[in-house]
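Undergrad: Got a sequence here, can you build the structure:
(2 chains)
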Amino acid sequence: MGFFSNWKKRFHQSQQSALQRQSREGGSLESRQSGSTGGMSTNELLIRLQLIVGQNSKLPLMEYSTKIAALSHPLQLIIFSELDELIDLSYEHACDFLAVSASVLAEMEQDQYQRWLSDVKLLLAKGEDERAKERIANFVLYTQDADANVVKLSDITYTLEKLVYSLYNQELPIFASDDSNSITTFTNGCELFLPESISYFDDHDDNYRLYKALTFHLLGQLTCSSWQSLDTLKQGIEKYGDEYLSVFAKVESLRINCQIKSEFPGIWRDIELLHTKEDIKYPYDLFDGKENLSVDDTLALVGSLIGTDYQLPELVYQSGFIPSLMGEIRESQKIQRSPLILNPTQDVDDSLLDTTGDPETADRGYLRPVADSSTEHILSNSQPGLWQDSAPNGESINEHTTKHHEKGIYYYKEWDTSLKKYRKDWCRVKEIVEDISSDDIEIENLEALKHAEQRIRKTFDLLINDQKFIRNQSDGDEIDIDAWVSARSNKNKHADDFQNVYIRNNTSTRDVAIMFAVDMSGSTHGWKNTMIKQSTWLLCKTLARLGDQYAVYGFSGSGRSSCHIYPVKSFAESYDKSVKARIFSMKPHQYTRMGVAIRHLSMVLGKATAKTRILFVLTDGRPDDIDSYRGQYGIDDTRLALNEAKALSLKPFVLTFDKEGMDYLPYMLGSSHYQLITDISHLPIQISTIYKQLTT
Amino acid sequence: MTSENIIENSQYYIKDEPYYLPTANEVDIFNTALAENIPVLLKGPTGCGKTRFMEYMSWYNKRPLITVACHDDLTTADLVGRYLIQNDSTVWQDGPLTTAVRNGCICYLDEIVEARKDTTVVIHPLCDDRRMLPLEKLGQLLQAPPEFCLTMSYNPGYQSAVKDLKPSTRQRFISIDFSYPNEDLEAQIVHNEAGLEFPTCEHLVKLASMTRNLVGNGLEEGASTRLLVHTAKLIKRGFEPKMACRCAIADVLTDDPETVNLLHEMIETLF
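TA: Alright, predicted model coming up:
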C-alpha cells in the first residue's frame, strides 16, 4: 500500500472531477464552500482548530494545520467532523486524535480507518481511557492487512441484536467485553457481552458460527433460567471450590444445547460443525434423551459428576457463568417479559419496561443524551419527541445540562452509523417563530411570478374535478340516456363504441395532507433563498384551490443541541397576510441536520388526518452540521429518519438542487422518491408539477 | 322471499367442509349472532384465517356465501345494483348485497375499510333492527329474511386515519378478534393444510413468531399463517426448507436488503 492509498485517490479523483465540473459550469463560491473542491488553507485550518480545541490550547496547532492543509477538502472535513465528536467524548483523546489524524488519513484505507475509530469510540464509551489512548497512538497496527478470517463484533452487532430481539422480544444490547478478563462471554440479564473479535478458527464462516453459538448460549442462560440455580451453586462453590462452578458451566451448556437442538436446528447444525472442527466427542447421552430439562437436572448431574473422573468436553462456545451476574439476572427477570423461546407469560408489569416504544433506541450511559437521562424521564418519555412541558419559554440552555421543562422543545434520537445504534434523545429541537419584519412585502420579479402563477393554476386546475357525473363511461351508476341514443344511432352506422353509455358518479376523493420541509441552511443564501420564498408563496397561494391540507416549516440549526424548526404555516392555518409575511421572512440560518428535522416534521404530519400524507423536503444539499453530522453519518441518519416516516404511513419526497444529489439520494430514498432540479429558476413550476404527480 | 327471487345459488354454497381449526369460541359467537340476526365484524391481520372462517361457517350453517372484495372504487351501485341495457331496454341487475338479502345468504364484505366511507353507509339500515335494504332506483324497500347475515372483515394493522371504520358503522356489529393462533395451533393448521411433518411446521411457526416480533423494526407485518402454508407446501413438494422460507417468507415480507438479510439469518437459525 503506497503513501497515497486508494481511498485518498478516490477523494482526489472526486475533487478533480468536481473541479473540472466547476470550471465547465462556472461554479460559484457557494459550491466551493460546500466542500466539493479545494482544501482549506493553513490559516483557515488554524482558526477552525482554535475554535474547536480552544485558543489557549498548548497544542502545536500550527504544525497540525500544516499537515492537514496537505489533505484534500473532503479529508479535512472528515477530521473536523470526527474531532467534534471525539471532543464530546473526551477532550484529551480528541487532542491525541488530532495529532495523528493527518497521518492516519494518509495511510489508512477507509474500512481500516472506520474500524480504528469505531474501536477508539467503543473503548472511550466503556471508560477504558488508557486503552483508547493506546489505540489512537498505535494506529499503524490497523494499516496492516487485516486477517480475512477475523470476525469483528462491531461488524455483526446489528444483525445479532436484531436476531436476539426477534427471539426475545426485548432489546438486549450487545457489547464487546474487555479481553483482559478471563471470561469474555457473559450476560447480566440486560446486556450481552461478547469478545471484540474472533479469530479462533482459520475460516471466517466458522468464526461467525462461533459468534452465533456464543450469542445463543447467552440467550440460553436467560431463557433456560440458569439463574435459578444460584443458591445451590453458591453452596456448591463453598463446598467444592471453583471446580463446582466449572462443572456446572459445562453441564449447563450441554443443557442449553439440548434446548438449541430442539428449537433452533440451524444453530445446532453450526454447533455440530464446530464440534467437528474441534474434534470434540460430544456426550449426547448425558441427559439420557430427557425432555423438558430444567436447571434441577443440571444440578443433579453436577452433583453426581463432581469428584469423579468423568471428562466433560471443553466447548469453545461455552459462555461464562458468573454468580454475581446471575444474581443480577435473577433481579432483572422479575420485571422482564418472558421470552419467546419458552412459553410466554404476559403478566409483566409493563410500566417497568422502557416505554419509549422504540426497541432500537439504545439507552446507554456512555452516549450522553442532550436530555436528562434520569429514570423518571426514560419512563415518562412514552414516544420520542412527543412530550413537552410548559415551563417558561426562553430558558437558557446549557448543551449537556438541559432541562426538559421547556415549551416548544422536543428531543429526538439519532442514528450513529459507526456504532449501528440510535443515540437516544440526542438532538434537541426547538420551534422558533421568525420575527416578521414588515407586512408590506416587496416582491422581486413580480411580472415573471405572475406568469409562473398562471402556469401553476393551470396545473392545479387539472387536479380539480368539479364534475360530479362523468358521462360516456363503460361502467357506472346510471345509464346515460343521451349516450345511449347517440350509441344507437352510431350502431346504425356500424360504429363500435356504443358501449360507453353509463354515467359515473365521480365524488371527489382527494384527501391529501402535505408538509413542505424547507431547508433554511446558510448555503441557501442569496438567490436560492429568494427562489425558495417565491416558490413557497406561489404554492401556498394556489394550493387553497385544491382544498388539500398543507403546512410549511423551515429547518436549520447548529449542532445537535440547537436544531431549529421554523413554522411558516401550520395545517390549521389558512393562507393569509401573516402567512405571506412569514414566508418572506424566511432567511438562511446555519446548517442542515436533516434527520432530526424529518423526525420532528413527520411527527407533526403524522397528526394530520388524510388518506395521503406527503413529506416534501426541499433542500439544496446533503445533510451537514457542525459536529459529526457529515458524510455517511448524516446520510445514514437521514435515511433512517425517512424510513421512520414511511413506517408512519407518510410518503417522503426530496426535491434538491444539489448537483451531486444522485450520489446519495437513491441510497437514502430508493428510486422515484426524489427529484433533482438543475435550474432553480424553474422551481415554482417544478414544484407544482411534482405536486400534481405526487397527489394523483 | 318469493320464488322468482331465488337465485341459482348452488354456486354460492360451500359443498366440502373447509379445514378450519377453531382457536377460541368464535364458532359459537358467530352461530349466536346468526341466530340473533346480529351482523359480525371480523378483525385480524392479513392471512390469519378470516375468510376461511367465513367459508367454514357458511358450510357449517348450510347457507350460501356471497363475498365482496372491497376496494377504493366500490360504489353503492356496485353493492346494491344498477340498471343495465339489454335488448334495447333497461333491466335491473341486483348487486351482490341485494342478491344476498333477497336469497337469505351470508354476505361477506372483505376488507371493508378499503371501500369509500359513503359506500359503506348503505349497509346501515341492514345492520340494525330494521334489517332492510332501500333500493332507491327501484323505489323498493327490501326486508332481509332471518337467514340473511352481514359480515365484514378488516385489518386493524392497516389502520391509519384514512382506513378506519366510522363509529356509526362499527357500533352495529359484534366483533370477533382473529389474531394469529398460538404456536401449537398454528403448527397444527400448517401441518393439516400442507401435509408437512409436524416438527418442520413448528419451526415455520417459530420463524413466523420471530418475524412478528420485528414488526415496526423494519417489517410492516410479520409472516401470516397463509405464508407459512405456502412455505410448507413448497417444502412438501421437495424444496429445501431454507430456499422455501426465502421465497415464500423473507422475500415476500420486505424489499429492504438489510431486512431481507436479517430474515435470511433468522431462517439460518431454524433450518
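Undergrad: how close does the closest residue to B:Gln143 other than its chain neighbours sit to chain A?
TA: Nearest residue to B:Gln143 in three dimensions, chain neighbours excluded: B:Met132, at 5.2 Å (Cβ to Cβ, 6 or more residues apart in numbering or on different chains). (Glycine included, C-beta is placed from N, CA and C.) According to Cβ to the nearest Cβ, to the nearest Å, B:Met132 stands 21 Å off from chain A.
Undergrad: Run a quick neighbour tally on B:Met132.
TA: 15 (other Cβ atoms under 10 Å in any protein chain shown).
Undergrad: Check A:Asp482 too.
TA: Other residues within reach of A:Asp482 by the criterion other Cβ under 10 Å amount to 12.
Undergrad: residues from the stretch 201-350 of chain A in reach of chain B?
TA: A:Lys212, A:Phe216, A:Glu263, A:Phe264, A:Pro265, A:Gly266, A:Ile267, A:Leu340 (Cβ under 8 Å from any Cβ of the partner chain).
Undergrad: In helices, which of those residues appear?
TA: Secondary structure assignment by DSSP state H places A:Lys212, A:Phe216, A:Glu263, A:Pro265, A:Gly266, A:Ile267 of these in helices.
Undergrad: Format those residues as TSV; extra columns: distance to A:Tyr410 and pLDDT.
TA: Formatted as TSV, those follow (distance: Cβ to Cβ, whole Å; pLDDT from 0 to 100):
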residue	distance to A:Tyr410	pLDDT
A:Lys212	39	93
A:Phe216	39	93
A:Glu263	42	88
A:Pro265	47	91
A:Gly266	43	92
A:Ile267	42	93
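Undergrad: can you list the residues of chain A near chain B?
TA: Contact residues (Cβ under 8 Å from any Cβ) of chain A with chain B: A:159, A:162-163, A:165-167, A:169, A:212, A:216, A:263-267, A:340, A:359-360, A:476-479, A:484, A:488, A:501, A:505, A:507, A:509, A:511, A:608-611, A:647, A:649.
Undergrad: Derive a ChimeraX selection command for the buried subset of those.
TA: Filtering those down to the buried ones (16 or more other Cβ atoms under 10 Å in any protein chain shown) takes a single ChimeraX command:
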select /A:159,162,163,165,166,167,169,212,216,263,264,265,266,267,340,359,360,476,477,478,479,484,501,511,608,610,649
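Undergrad: Sitting in strands, which of the residues of chain A next to chain B do you find?
TA: A:Glu478, A:Ile479, A:Asn505 (DSSP state E).
Undergrad: Where is pLDDT lowest across these?
TA: Of all these, A:Asn505 carries the smallest pLDDT score, 71.
Undergrad: which non-adjacent residue is nearest that one?
TA: A:Asp477 (4.9 Å).
Undergrad: you'd agree that neighbour is up against B:Asp73?
TA: No. Using Cβ atoms under 8 Å, A:Asp477 is not in contact with B:Asp73, being 11.5 Å away.
Undergrad: how much space is there between the residue nearest to B:Gln143 and A:Arg613?
TA: Distance, B:Met132 to A:Arg613, by Cβ to Cβ, to the nearest Å: 38 Å.
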